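**Student:** From the sequence below, what's the structure:
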Amino acid sequence: MRERTFSARLGCRYLLRAPENIDARTVLVVALHGFSGNPEDMLRLTSHVVGPLQAIAAIEGPYGFYLAKGPDQVGYGWVTNRRAAESIRLHHEMVRHVLQEAGSELAIPPERRVLLGFSQPVSLNYRFAEAHPGSVRGVAGICGGLPGDWDDARPGRIQPALLHIARAQDEFYPAEQTEQYARRLRLRCEDVEFQLLQGGHRFPSRGGPIWENWLNRILR
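**Tutor:** Below is the predicted model of the structure:
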């Protein structure tokens, strides 16, 4: 038996919501949902945090599957531990495309673009920040992890500012693990903000003030 690989075109999708008036203060937030999520829900959740004055591009994960809720319910994912390198490459291509296309359409420059992820894509977004340092001004990770194969002894550099929000009762990323993230991220990035909030593995609907303070600081 011989295994052979080939490339094929994949139809990707994202939702774009832009404010009525776009000016020099407008920020483009490219948002990635968690495992089994979808861009519709991610757009809604992100809107609650970033407010109505920012542009949001919510990308749909490339791997769709049926949910246990019923045959008409579909969720999406970003990566598995099988052929992870291909998923990482695809994630980079999708994020880079949306940043460039939506940013150009709305005339929002890279220094006012932010990459945000919930849960599964958080570690992928940190990889992207290292591989494409001039693409975004900041990266916000919510209830996610760090890449498992990162070697802290020889860290690469991350140019964008980082905001990591963890939850104290997270079922998938326990506090004793995430409390080490600030130290580990600072091995790669000079500008790291870490917030540990009460609650389980869910999007922090009241995270608006944290987001606003962080954004005002890194964009001033």
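
**Student:** top helix in the protein by residue count?
**Tutor:** The helix spanning the most residues in the chain, taking DSSP state H as the definition, is helix 84-106.

**Student:** elements contacting that helix?
**Tutor:** Under the contact criterion of 3 or more C-beta pairs under 8 Å, 6 or more residues apart in numbering; DSSP states H and E, the helices and strands touching helix 84-106 comprise strand 14-17, strand 28-32, strand 55-59, strand 113-118, helix 121-131. Where you see a C-beta, it was placed from the backbone N, CA and C, and this is true even at glycine.

**Student:** Name the SS class of Q195, please.
**Tutor:** strand (DSSP: H, G, I helix; E, B strand; the rest coil).

**Student:** so who does the closest residue to it other than its chain neighbours touch?
**Tutor:** Closest residue in space to Q195, ignoring its immediate chain neighbours: I165 at 4.8 Å, by C-beta to C-beta, 6 or more residues apart in numbering. By C-beta atoms under 8 Å, 6 or more residues apart in numbering, the residues touching I165 are 140-143, 195, 197, 204, 207, 210.

**Student:** 7 Å - rerun?
**Tutor:** Neighbouring residues of I165 by C-beta atoms under 7 Å, 6 or more residues apart in numbering: 142, 195, 197, 204, 207, 210.

**Student:** For the fourth one, give its distance to I165.
**Tutor:** In this case it means P204. In this structure, P204 and I165 are separated by 6 Å, where distance is defined by C-beta to C-beta, to the nearest Å.

**Student:** Now do the shared contacts for those two.
**Tutor:** Common neighbours of P204 and I165 (criterion: C-beta under 7 Å, 6+ apart): 142, 197.
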